[in-house]
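1. got a sequence here, can you build the structure:
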Amino acid sequence: MTVQEVISLVEETKPSAYSTNTIVSWLNECESNLIMRTSGDIARKIKYPDDAGRELSAPLPFEKIYVEFITAKIDYQDQQFQAYQNSMAIYNATEIEYLKYWERHKYD
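-> Residues are numbered from 1 along each chain as shown. As a prediction, this is how the structure comes out:
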């Protein structure tokens, strides 16, 4: 999934008043966390719109993790704390499955 695909999907599925720059900052946070937790590397910062076509690190079927994380950030910022808890539970479940997958396949 590309940076632009994540932004478009978030705008479609979780419309909000937050700017694209804010959404990209949350996307940077998520991508950096995933890369650090898998390879231990430091992610190159996403610069929008220059990196709009950049492929993100999580493969199918785990690429939904980016939208789940940004959805949780929107819920938190909107002080929708029950929705935030639900969104984080969904994100955390996907992250656990992704990390298990990565551990099984990191040397493939």
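2. and the residue nearest the centre of the chain, what element?
-> Nearest to the mean C-alpha position of the chain, counting by C-alpha atoms, centre = their mean, stands Tyr66 at 2.1 Å. Taking DSSP states H and E as the criterion, Tyr66 maps to helix 65-77.
3. can you identify the element that follows that helix toward the C-terminus?
-> Per DSSP H and E, helix 65-77 leads on to helix 81-105 as the next helix or strand towards the C-terminus.
4. so what does that next one touch, helix or strand wise?
-> Taking 3 or more C-beta pairs under 8 Å, 6 or more residues apart in numbering; DSSP states H and E as contact, the helices and strands that helix 81-105 lies on are helix 20-38, helix 65-77. Bear in mind the C-beta positions are built from the backbone N, C-alpha and C, glycine included.
5. and the helix holding Tyr66, which residues are buried?
-> Neighbour counts over helix 65-77 (16 or more other C-beta atoms under 10 Å) mark 65-75 as buried.
6. report the mean confidence score over it.
-> Taken as a whole, helix 65-77 has a mean pLDDT of 98.
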